[in-house]
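> okay, here's the prediction I keep looking at, along with the sequence it came from:
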Amino acid sequence: MFNREAFARVFDDSGLTKTELADIYGVSRQTIYAWYSGTSAPLQRTVVLREQLYTRGLLGAMDKRLLPLSKNPTQRKERLLKMKQALHDLAKPKN
């Protein structure tokens, strides 16, 4: 089930741009805004599971003070790529 409050905390406090969030979650910026505003929620099972996992991961990064990212464009890009890969790795099925 979609936890809008948890997602809103990531949206408001992570320091990630809406484009960066859309890239991480694998959806459009419009979808990110719709989830945030409550006009829509993830519906497909795979999207719901990915959203839950990624939101928990991003909240954990915020709690560990790994977010917000540096404003230095090079450092930000590198950290964002690593974070995205770590979140995607969490979503891979375990053998």
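Ah, there it is. The model shown is predicted, which means the values in this text are computed figures rather than measured ones.
> report the mean confidence score over the helix or strand harbouring Lys84.
Lys84 belongs to helix 73-91 when elements are defined using DSSP states H and E. For helix 73-91, mean pLDDT rounds to 90.
> chain center to it, what's the gap?
In this view, helix 73-91 has its centroid 11 Å away from the chain centroid, taken as C-alpha atoms, centre = their mean, to the nearest Å.
> show me the strands in this protein, by range?
Counting by DSSP state E, one finds no strands in the chain.
> got the CA positions of the helix or strand of it with the lowest mean pLDDT in PDB?
Taking mean pLDDT, DSSP states H and E as the measure, the chain has helix 73-91 as its least confident helix or strand, at a mean of 90. Extracted in PDB, the C-alpha atoms of helix 73-91 (Å, rounded to 0.1, in the frame of the first residue of the first chain):
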ATOM      1  CA  PRO A  73      27.400  18.900  -9.900                       C
ATOM      2  CA  THR A  74      30.100  16.300 -10.300                       C
ATOM      3  CA  GLN A  75      29.900  14.900  -6.800                       C
ATOM      4  CA  ARG A  76      26.100  15.100  -6.900                       C
ATOM      5  CA  LYS A  77      26.000  13.100 -10.200                       C
ATOM      6  CA  GLU A  78      28.300  10.500  -8.900                       C
ATOM      7  CA  ARG A  79      26.500  10.000  -5.600                       C
ATOM      8  CA  LEU A  80      23.100  10.000  -7.300                       C
ATOM      9  CA  LEU A  81      24.300   7.200  -9.700                       C
ATOM     10  CA  LYS A  82      25.600   5.100  -6.800                       C
ATOM     11  CA  MET A  83      22.400   5.600  -4.800                       C
ATOM     12  CA  LYS A  84      20.300   4.700  -7.800                       C
ATOM     13  CA  GLN A  85      22.300   1.600  -8.400                       C
ATOM     14  CA  ALA A  86      22.100   0.600  -4.700                       C
ATOM     15  CA  LEU A  87      18.300   1.000  -4.800                       C
ATOM     16  CA  HIS A  88      18.000  -1.000  -8.000                       C
ATOM     17  CA  ASP A  89      20.100  -3.700  -6.500                       C
ATOM     18  CA  LEU A  90      17.700  -3.900  -3.500                       C
ATOM     19  CA  ALA A  91      14.900  -4.500  -6.000                       C
END
